[in-house]
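> have a look; sequence and predicted model below, questions after that.
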Amino acid sequence: MAVPLSQMFTVTKYVLTQKLTRVKRYPLVLMLEPLFRCNLACAGCGKIQYPDHVLDKRLTPEQCWAAAEECGAPIVSIPGGEPMIHPEMPAIVRGLVAQERYVYLCTNAILMERKLDEYQPSKFLTFSVHMDGLKDEHDLAVCRDGVYDVAVKAIKAALKRGHRVTTNTTLFDDANPERVRKFFDAMMELGVEGMMISPGYSYQKAPDQQHFLKRERTRELFSRILGSPKKGWQFNQSPLFLDFLMGRREYECTPWGNPTYNVFGWQKPCYLLQEGYAKTFRELMDSTEWDHYGTGRNEKCADCMVHCGYEASAVEDTFGTLSGFGRTVKLTVLPTSR
């Protein structure tokens with residue numbers, strides 16, 4: 001099973017509590033960005049295009065802990081930039097783990113092996129290693145040769161020390177389905193707990209604007225990749241979200257499910273769009289005009305099928321409909337029955 005039972009229980013309890021108390025909009029995963037600085041310059045990334053005075057900004061541990069408390073989400077994902085550049089990242093993680101939040105530390109793994117001693121293995125901590133395919137595809141995506149091999153070595157070292165490790169993969173228009181399937185095999189052979197995948201969607205600041213996925217292409221690509229899943233594959237995300245990527249389910253965007261907090265504040269309305277910032281989480285929830293966003297409502301959202309907008313929608317389907325619950329149970333118990 002890709003997600004430990006303790007984590008599944010915590011998330012289930014949290015979501016059911018929100019529903020029983022009739023909370024319409026609630027956060028599921030806090031996207032915490034303590035910095036934008038990175039040690040790579042990936043062509044599809046818009047986070048590193050800021051001027052130096054912004055790239056030099058850092059959230060303090062106290063700001064990170066307070067944001068998690070204020071938000072209340074049971075899961076915290078820490079992207080960037082490259083989080084391991086942050087000199088106080090081990091302290092930030094320790095504080096979040098002390099709050100008993102499930103932390104996914106997203107990393108390109110360049111610094112991971114040498115910094116492993118700074119992190120205590122815990123069921124609350126997972127290294128989420130950015131891997132965009134097999135060696136040739138990954139090194140091309142991150143615009144540097146040799147990064148795939150460094151990441152694989154770091155993954156092996158982390159697993160040997162008892163850490164939870166997953167991979168996260170962004171697929172673009174030029175992805176080859178058979179190569180992606182071989183990549184899944186390779187990651188499972190490494191022994192990672194599970195894999196997370198999402199379609200590449202346009203960052204306005206990204207240097208490469210040619211390979212982001214349109215909706216129809218997303219459905220076609222993911223259907224070819226996931227239509228006949230292999231027995232050993234494990235995915236660390238909602239099976240209904242994968243159905244959505246394949247065009248088998250339709251959802252409306254729920255960006256409040258994955259709120260973003262970074263050096264500017266609480267970002268409106270989501271991780272991808274920058275439509276202003278709020279000083280507090282409550283202000284974000286109360287002042288954002290949520291009905292103005294999503295496919296069919298805003299041209300900027302027209303082709304988006306990204307996890308930060310739709311994975312929370314899939315989780316809501318699991319707990320909000322009998323068909324969603326039944327489908328989730330079936331695909332969790334029998335993942336090859338897709």
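Happy to help now that I have it. Owing to the predicted nature of the structure, the values given are computational and were not obtained by experimental measurement. Residues are numbered from 1 along each chain as shown.
> any idea how far Asp145 is from Lys153?
The gap separating Asp145 from Lys153 is 15 Å, by CB to CB, to the nearest Å. Where you see a C-beta, it was placed from the backbone N, CA and C, and this is true even at glycine.
> for Gln234, that is, sorry about that
If you go by CB to CB, the gap between Gln234 and Lys153 works out to 22 Å.
> higher neighbour count, these two?
Gln234 (17 against 13; other CB atoms under 10 Å).
> next one, pLDDT for that one please.
Confidence at Gln234, expressed as pLDDT, is 95.
> which stretches in the stretch 151-300 of the chain count as helices?
Remark: helices of the stretch 151-300 of the chain, listed N- to C-terminal, are 177-190, 215-226, 239-245, 281-287; assignment by DSSP state H, counting those that start in this stretch.
> chain center to the third one: distance?
What separates the centre of helix 239-245 from the centre of its chain is 14 Å, taken as CA atoms, centre = their mean, to the nearest Å.
> which elements pack onto that helix?
strand 194-199, helix 215-226, helix 307-320, helix 322-333 (3 or more CB pairs under 8 Å, 6 or more residues apart in numbering; DSSP states H and E).
> now the longest one
Judged by 3+ CB pairs under 8 Å, 6+ apart, the packing partners of helix 177-190 are helix 147-160, strand 164-171, strand 194-199, helix 215-226.
> report the inter-axis angle for the shortest one versus helix 215-226.
Counting by axes from the mean of the first three to the mean of the last three CA atoms, to 10 degrees, strand 194-199 points 150 degrees away from the direction of helix 215-226.
> returning to that earlier point: just send the helices and strands packed on helix 239-245 back as CSV, with distance to Val129 too.
Shown next, in CSV, are those (distance: least, CB to CB, whole Å):
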stretch, distance to Val129
strand 194-199, 10
helix 215-226, 19
helix 307-320, 16
helix 322-333, 23
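> I'd like the ones you listed as a markdown table, with mean pLDDT appended.
As requested, the helices and strands packed on helix 239-245 are arranged in a markdown table below (pLDDT from 0 to 100):
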| stretch | mean pLDDT |
| --- | --- |
| strand 194-199 | 94 |
| helix 215-226 | 95 |
| helix 307-320 | 93 |
| helix 322-333 | 91 |
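> can you list those in JSON lines and add mean neighbour count and distance to Glu88?
Conversion of these to JSON lines gives the following (neighbours: other CB atoms under 10 Å; distance: least, CB to CB, whole Å):
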{"stretch": "strand 194-199", "mean neighbour count": "21", "distance to Glu88": "26"}
{"stretch": "helix 215-226", "mean neighbour count": "18", "distance to Glu88": "37"}
{"stretch": "helix 307-320", "mean neighbour count": "23", "distance to Glu88": "25"}
{"stretch": "helix 322-333", "mean neighbour count": "14", "distance to Glu88": "37"}
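> of all these, which lies closest to Tyr277?
Of all the helices and strands packed on helix 239-245, it is helix 307-320 that lies closest to Tyr277, at 16.3 Å by CB to CB.
> next, the angle from that closest one to helix 322-333.
Between the axes of helix 307-320 and helix 322-333, defined by the same axes, to 10 degrees, the angle is 110 degrees.
> okay, the angle between helix 307-320 and strand 164-171?
On the basis of the same axes, to 10 degrees, helix 307-320 is oriented at 120 degrees to strand 164-171.
> remind me what helix 307-320 packs against, helices and strands.
helix 5-20, strand 29-32, helix 239-245, helix 322-333.
> need the residues that contact the third one.
Among residues not part of helix 239-245, those counted as contacts by CB atoms under 8 Å, 6 or more residues apart in numbering are 197-199, 218-219, 222, 226, 235, 249-251, 305, 307, 310-311, 313-315, 317-318, 324, 327-328, 331-332, 335, 338.
> one more pass at 6 Å, please.
Applying CB atoms under 6 Å, 6 or more residues apart in numbering, the external contacts of helix 239-245 come out as 222, 226, 249, 251, 310-311, 314, 317, 328, 331.
> show me what counts as buried in the helix or strand containing Glu69.
Under the criterion DSSP states H and E, the helix or strand holding Glu69 is helix 61-71. The neighbour-count check on helix 61-71 (16 or more other CB atoms under 10 Å) flags 61, 64-65, 67-68, 70-71 as buried.
> of those residues, just say which sits nearest to Ser6.
Here the nearest of these to Ser6, counting by CB to CB, is Ala68; it sits at 18.4 Å.
> and that closest one, what does it touch?
With contacts defined as CB under 6 Å, 6+ apart, the neighbours of Ala68 are 30, 76, 96, 101.
> state the helix or strand in which the third one lies.
Element membership for Leu96, per DSSP H and E: helix 89-98.
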